[in-house]
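Participant: starting from these lines, generate the structure:
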Amino acid sequence: MTPFVDVAFLILSFFMLATKFKPPAPVEITTPYSVSSDKLEEKDAVRIEFDSSGRVFFTMQTQKAELAEAKLDLIKNVNTARKLGLTDAEMASFAKNASVGVPFTALKQYLATPEDQRGTIKQTGVPVDSTDNQLATWIANAVNSFQGNRIDFLIKGDNNAKYPSFKGVIDALRVNQQFKYQLITDPESAPPGTELYTERMKRS
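Facilitator: Down below sits the predicted model:
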């Protein structure tokens, strides 16, 4: 029994130390329903989210260990391009989480705030209007940071979001010659009467 207990604890310790938890979403979003049966895979991607009030959030997610530095490269390039004056500590803070929902004018203050206190800061969203589409800058530098690697664009919008927010996101992608993206929807509910609904009822 003693060797068995030792092995069990070793396996338990391995999973506790090696498990990578999914980072919390920057904002709560109620996605529209989808009749697609495909499950979205975790991958190296740029995730763009917008809530019902139109606030846009930018997140760069990496799964491959060799791309861990890509997030730091991204914020360094943005810092240089926009002359934000970010410190090394502030850029390292972004690389740790790589998610933002504030305009460039508020980015330094946001990153200077301790991570456990950022929940108290109201993020107004990344501007996507026609006069100053800052999301386009984030996307351009993300593409540059992912250079040589495949990059996927994931769009997650609230079911009650207004059209201008979605249009601003699409415009930012179009400016950067990015015409392929995936929409994150709710696959749990399919309209009654559809083939997918019938198929899921048979499985349950």
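Participant: could you list the low-pLDDT ranges of this structure?
Facilitator: The chain contains residues with pLDDT under 70 at 1-42, 186-194, 196-197, 200-204.
Participant: for it, what spans make up the helices?
Facilitator: 2-18, 68-82, 88-97, 104-112, 134-145, 163-175, 195-203 (DSSP state H).
Participant: tell me which of the ones you listed lies nearest to Tyr181.
Facilitator: helix 163-175 (6.3 Å; CB to CB). C-beta: built from backbone N, CA, C; applies to glycine.
Participant: show me what counts as buried in the closest one.
Facilitator: 165-166, 168-173 (16 or more other CB atoms under 10 Å).
Participant: which residues pair with the nearest residue to Lys180 once chain neighbours are set aside across the strands?
Facilitator: Leaving aside its chain neighbours, Lys180 sits nearest to Phe153 (7.1 Å; criterion: CB to CB, 6 or more residues apart in numbering). Applying DSSP bridges to Phe153 yields these beta-bridge partners: Val46.
Participant: just the one 4 residues further on next, same as before
Facilitator: Residues in a beta bridge with Gly157, per DSSP bridges, are Phe50.
Participant: count the neighbours of it for me.
Facilitator: The number of residues packed near Gly157 is 24, by other CB atoms under 10 Å.
Participant: the chain should start at 21 in everything you say after this.
Facilitator: Noted, 21 is the first residue going forward, which turns the last one into Gly177.
Participant: isn't it right up against Glu69?
Facilitator: Yes - the pair Gly177 / Glu69 is scored as a contact, 7.2 Å apart, by CB atoms under 8 Å.
Participant: for the residue nearest to Lys200, which residues are in contact?
Facilitator: The neighbourhood of Phe173, defined by CB atoms under 8 Å, 6 or more residues apart in numbering, consists of 65-66, 68, 159, 193, 198, 200-202.
Participant: contact partners for Asn169?
Facilitator: Counting by CB under 8 Å, 6+ apart, Asn169 makes contact with 64, 84, 87, 90.
Participant: which members of the residues you listed are the farthest-apart pair?
Facilitator: Farthest-apart pair in the contacts of Asn169 is Lys84 and Ala90; separation 9.1 Å (CB to CB).
Participant: the two - which one has more neighbours?
Facilitator: Ala90 (21 against 10).
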